[in-house]
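**Q** How does the following fold in three dimensions:
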Amino acid sequence: MKKETLLFLMIPVLLFLSGNGYTQNKIEVDSVSISDSNNQIIYKENLVPFFNKLQQIKTIGAKVKILQLGDSHMQMGYFVEEMRNNFSSAFGLSSIGTIFPYSIASYRPFYVQSKVLAGNWEGKNYLNAETDLKYGVSGFTIKTINKNASFEITPKRIGAEIETGNEVIIYYQGDENTTLEISGINSFLDSTKKINATNLLSSKFKDSINDWRKANFYFESPVNKISVTINQTKEGSPFYIYGLQLNNTNKPGVIYNNCGVGGAQFSNLCKNASLSISQIKDINPDLIIISYGSNESYTSAFRYESYSKMINEYLVKVKQAVPNASIILTSPPDTRSKNRFPINSDSIGIAFKNVAQELNLSFWDLRTQMGGNGSLFKWLKNGLASKDQLHFTKEGYALQAKLLITAIFDTYNKTVDENEKLKLPLINQNFK
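**A** Modelled structure (predicted):
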């Protein structure tokens, strides 16, 4: 394929390190906002449908849905927070999308606070094989067998900004006669005023293996703290919640759904989440970003052929469910968990790239953009990686997201007129 010739515009800007999460003892360098010929989406032509949908935000006030699936790098929230910020600046953010009462399942990411109000709940994720607990796109399920049970959930952003929305969607399964009650408050306006939601739409989904239900609840005005109450006809009946969404029906822009599970491998999604395909179909995203590979980089059980076959088969099902969605597979980052070498990282990246080519998807090589094999140590020295050498700091995840945003926005800019081109994020070039 003929290489493109790019015109680079380099604008040195003094980086105020303390305002970007760095401390003053870090190396001070200029930041630049550039079109980087080495930071490119591979098979970028497959993103055109997504770019066309983005343009509709400005022309007809559309909502564009992004769904990111991955492991702890996504569940921690800092990567996705930076992605949301950049899409918000460029196109506006409609809502936070998927949320979950993670603390009930013993996970506590910063971007969702939740607590049990009544009853006993248990929760697990798709690191466990499915039993009566089935898993969907969120990767988590909570369960109660009490006649009456409830919990509270509050979605947040960095800086304690609380997200608001006027629609709550719940994926669940329970007895036919079970009722759901949803209420909320808007702490920005009146933290004492309870607002009850109206259930205007209920749906049932069934395939050859499983069935589940969906309920849409609407508030007259936006809320930012939600209470969910389950009322069953008898004690002992199991009730399951697979996921929730908080949306703004009246606000155009990007809905960035984040579904990460700490410790997850791609195989957990493929083998232990039998509800995921039907729920992805219901969300109907315009772009899916799939970011696995870190955890399976260390397993001796990894086999390239079976791994490639598994993700190929799963992604064929995803494409059948949402044929208009663009999909980006991202390679795992460079890591050295427990001072080990990630023996499978290269093979996983090759598998993702080959599957992307075969299925008309897109691919982005995060490890290469970090600086390649061994780059983790420079990230660690500069305060961008955590001491466990598997995860990254808030600043490190923000940098990774900026690299991906740069690749996406730079590709988008090649499809629009000069006056519609997006500003690329400033990036500290010292990390490589």
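**Q** Go ahead and list the helix or strand containing residue 333.
**A** For residue 333, there is no helix or strand it lies in under DSSP states H and E.
**Q** And it, what's its pLDDT?
**A** In this prediction, residue 333 carries a pLDDT score of 98.
**Q** Chain neighbours aside, what residue packs nearest to it?
**A** Nearest non-adjacent residue to residue 333, counting by CB to CB, 6 or more residues apart in numbering: residue 366, 5.1 Å away. Every C-beta, even on glycine, is put in place using the N, C-alpha and C of the backbone.
**Q** How many neighbouring residues does that neighbour have?
**A** 20 (other CB atoms under 10 Å).
**Q** do you know how far residue 137 is from residue 414?
**A** Residue 137 sits 31 Å away from residue 414, going by CB to CB, to the nearest Å.
**Q** if you count what's nearby, which of the two comes out ahead?
**A** residue 137 (25 against 12).
**Q** The more buried one falls within a strand, correct?
**A** No - judged by DSSP: H, G, I helix; E, B strand; the rest coil, residue 137 forms no part of a strand; its state is coil.
**Q** isn't it right next to residue 283, touching?
**A** Yes - contact criterion CB atoms under 8 Å: residue 137 and residue 283 qualify, at 6.8 Å.
**Q** shared neighbours of those two, which are they?
**A** Contact criterion CB atoms under 8 Å, 6 or more residues apart in numbering; residues shared by residue 137 and residue 283: 67, 98.
**Q** Break the chain into its domains for me.
**A** The chain is divided into the following domains under automatic domain parsing: 15-26+34-92+252-431, 102-247.
**Q** Can you give the distance of the first one from its chain's centre?
**A** In terms of CA atoms, centre = their mean, to the nearest Å, the centre of domain 15-26+34-92+252-431 is found 9 Å from the chain centre.
**Q** partners of the lengthiest strand in the chain, with directions?
**A** Ranked by residue count, the top strand of the chain under DSSP state E comes out as strand 211-223. Using DSSP bridges, strand 211-223 pairs in its sheet with strand 165-173 (antiparallel), strand 198-206 (antiparallel).
**Q** Enumerate the positions of it that are buried.
**A** The neighbour-count check on strand 211-223 (16 or more other CB atoms under 10 Å) flags 212-219, 222-223 as buried.
**Q** Pairing partners for the next helix or strand after that strand, with directions?
**A** Downstream of strand 211-223, the first helix or strand assigned by DSSP H and E is strand 225-231. Here strand 225-231 has these sheet partners by DSSP bridges: strand 148-155 (antiparallel), strand 179-186 (antiparallel).
**Q** Which residues belonging to the last one are considered buried?
**A** Right, strand 179-186. 180, 182-186.
**Q** go on, the first one?
**A** For strand 148-155, the neighbour count (16+ other CB under 10 Å) marks 149-155 as buried.
**Q** again, but for stretch 239-254
**A** Neighbour counts using 16+ other CB under 10 Å place 239-248, 251-254 of stretch 239-254 among the buried residues.
**Q** do stretch 98-110 as well
**A** 98-105, 107, 109.
**Q** For the protein, give me the ranges with low pLDDT.
**A** Applying pLDDT under 70 to the chain picks out residues 1-36, 158-161, 208.
**Q** Does the residue nearest in space to the middle of it belong to a helix, a strand or coil?
**A** By CA atoms, centre = their mean, the chain has its centre lying nearest to residue 258, at 2.4 Å. Residue 258 falls in the strand class when you classify it by three-state DSSP.
**Q** Surely it and residue 74 touch.
**A** Yes - taking contacts as CB under 8 Å, residue 258 lies within contact range of residue 74: 5.9 Å.
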